[in-house]
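Novice: give me a 3D structure for the following:
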Amino acid sequence: INIILYKCTIGRTSFILVTLILFFALLRKIQFIKLILKTRIFKYLTKICCYILPTILLIFILAMTYLYGTNNSIAYKLNDLLSNRIEFSYKAFQEYKVTLFGQNIRWYGWGGVGYDESIDLEGYTYNFVDNSYVRLILDCGIIATIVVITGYTLLLVKNNKEKNYWKIFIVFIILCLAEIEPCLIDFNSNIFLIWFLPLLESKTSKFSEYNNRE
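Specialist: Predicted structure coming up:
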């Protein structure tokens, strides 16, 4: 089914992600892999990743975008691999300022172009940024970016303490996908944002208990 969908849509990203998920689902059925998942070192590495992965992925794209501006060969090769996503991230940082609370930016992609008559093609310039981390910084600002990255970190740490490794795996996929798709805080493409509700409920309960004691 995955191959048929790829042939019909040429959706490279979805094909790779579905293949990876199927591969890991298969590995989980193998007894030897099950034993590895129960080892102390695996649990330790998972714990470390839960604490640092959201921040590392944010720093990674910012570093690659900066290196692209210095004509770095590695950044150029990665840009080609990611269909010029780093190039458009770099151009966005050149055109728009990074602010504390974000700004209203009109992103122009190819969606509806040639079909939607309401789109004015005169002077139309493609400037769409697919990277979630870059979009988050430019659209929502530095403070919101810190909140979102902290939120994902807390979500991972919480699930690690509860040994919800499948949830951790899904969040890892979302964080990696965010490097090429604007899905980090978008309910349209990331329904798993609903997992943040228990975190908000927990913080609200603690705040209410504090007020009651006061």
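Novice: please make it C-alpha for all contacts and neighbour counts, starting now.
Specialist: Fine.
Novice: any buried residues in the strand or helix carrying Thr46, and which?
Specialist: Here Thr46 is covered by helix 40-69, with elements defined by DSSP states H and E. Buried residues in helix 40-69, counted by 16 or more other CA atoms under 10 Å: 43, 46-47, 49-51, 53-55, 57-58, 61-62, 64-68.
Novice: what's the distance between the one residue sitting closest to the centre of the chain and Val98?
Specialist: Most central in the chain under CA atoms, centre = their mean is Ala178, positioned 2.4 Å from the mean C-alpha point. Counting by CA to CA, to the nearest Å, the gap from Ala178 to Val98 is 19 Å.
Novice: one more: Lys43?
Specialist: When Lys43 is compared with Val98 (using CA to CA), they lie 37 Å apart.
Novice: ok, Lys167 next?
Specialist: Taking CA to CA, one finds Lys167 at 32 Å from Val98.
Novice: and the residue nearest to the centre of the chain, what pLDDT?
Specialist: Listed pLDDT for Ala178 reads 94.
Novice: any figure for the gap between it and Lys7?
Specialist: Applying CA to CA, one obtains 24 Å for the distance of Ala178 from Lys7.
Novice: again, but for Lys38
Specialist: Counting by CA to CA, the gap from Lys38 to Lys7 is 38 Å.
Novice: cool, and Asn84?
Specialist: 23 Å.
Novice: before we move on, back to that, what is the rounded mean pLDDT of the helix holding Thr46?
Specialist: Helix 40-69 comes out at a mean pLDDT of 95.
Novice: so which bits of the following helix or strand past that helix are buried?
Specialist: The helix or strand immediately downstream of helix 40-69 is helix 73-81, counting by DSSP H and E. The neighbour-count criterion (16+ other CA under 10 Å) identifies Ala75, Tyr76, Asn79 as the buried residues of helix 73-81.
Novice: find the nearest non-adjacent residue to the first one, please.
Specialist: When you say that, I think you mean Ala75. Leaving aside its sequence neighbours, Ala75 sits nearest to Tyr68 (CA to CA, 6 or more residues apart in numbering; 5.1 Å).
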